[in-house]
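Asker: Sequence first, then the predicted structure, then my questions.
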Amino acid sequence: MVLGTVVEGVARIIVNYTGYKRGQAKEDDLAVRKRLMSELDKSKNNLRNSLEYMYENENKKSSKKIRKVLDEIDMFSNEVDLSETGHHYPFFDPKKSINDKDIEQVVKFDKKILDTCINITEATEEIQQRLISGVNIDSIQEFNSLRQYITKLRNKYKDRLDYIKKIDT
């Protein structure tokens, strides 16, 4: 069963994730959003450390790139935090019955988005470590790639929201 496998993958990331069982949709959605916010906060902390390092070494170009990445993360954080949930859509109504295909698709979105967000956190940590350790990296390219990766994540999250909005019972 594909759904069970994907739910297990998300449950490894989020404790008590049920895969949107009847009556649990709001709680699962909230848990996903909280984990995303946590990962984004970690990434911002890593980037702030990198920014401080760049300031100390008077690297203005890289500092500017880091600020753009931080802005991208802030915009995504706001989108996640302000996402519409609750009774606005049939998907979140405990009285409605949602078909397994739609639930599976939302769970797949959750898995992909969470995995990508965790990868971004790990990437920001790796860049920070390499900078502080004095490893020579192309910081401009690294931060450009990171920003593009975050933009793709934001778009995938918007696709998830659009999918939830169109689910009808």
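Answerer: Yep, that arrived. All values derive from a computational prediction rather than experimental measurement.

Asker: what helix or strand is Ile66 on?
Answerer: If you go by DSSP states H and E, Ile66 is part of helix 60-81.

Asker: Next up, phi/psi of the residue most central in space within the chain, please.
Answerer: Centroid check for the chain by CA atoms, centre = their mean gives Cys117 as the closest residue, at 3.9 Å. Dihedral pair for Cys117: phi -60, psi -40, per degrees, to the nearest 10.

Asker: Please name the residues that touch it.
Answerer: By CB atoms under 8 Å, 6 or more residues apart in numbering, the contact list for Cys117 reads Arg35, Leu36, Glu39, Leu40, Leu153. All C-beta spots, glycine's among them, are computed from the backbone N, C-alpha and C.

Asker: rerun at 6 Å
Answerer: Contacts for Cys117 (CB atoms under 6 Å, 6 or more residues apart in numbering) come out as Leu36, Glu39.

Asker: ok, back up a step: how about the helix holding Ile66, which residues are buried there?
Answerer: Ser62, Ser63, Lys65, Ile66, Val69, Leu70, Glu72, Ile73, Phe76, Ser77, Val80 (16 or more other CB atoms under 10 Å).

Asker: Just list the residues touching Arg154, thanks.
Answerer: For Arg154, the contacting residues are Phe76, by CB under 6 Å, 6+ apart.

Asker: the inter-axis angle of the host helix or strand of it versus helix 60-81?
Answerer: Assigned by DSSP H and E, Arg154 belongs to helix 139-166. Interaxial angle, helix 139-166 versus helix 60-81 (axes from the mean of the first three to the mean of the last three CA atoms, to 10 degrees): 10 degrees.

Asker: Val15: neighbouring residues, count only.
Answerer: Val15 has 8 neighbouring residues, counting by other CB atoms under 10 Å.

Asker: Secondary structure class of it, three-state.
Answerer: Counting by DSSP: H, G, I helix; E, B strand; the rest coil, the backbone at Val15 sits in coil.

Asker: mind starting the numbering at 691 from now?
Answerer: Noted, 691 is the first residue going forward, which turns the last one into Val705.

Asker: Check the spacing between it and Glu717 real quick.
Answerer: For Val705, the distance to Glu717 equals 12 Å [CB to CB, to the nearest Å].

Asker: How about Pro780?
Answerer: 17 Å.

Asker: Which of those two has more residues huddled nearby?
Answerer: Neighbours per residue (other CB under 10 Å) separate Pro780 from Glu717, with Pro780 holding more: 18 against 15.

Asker: For the worst-scoring helix or strand of the chain on mean pLDDT, which outside residues touch it?
Answerer: Least confident element among the helices and strands of the chain, by mean pLDDT, DSSP states H and E: helix 692-701 (a mean of 77). By CB under 6 Å, 6+ apart, the surrounding residues in contact with helix 692-701 are Tyr707, Gly709, Glu794, Val797, Lys798, Asp800, Lys801.

Asker: Having no further points to raise, I will conclude here.
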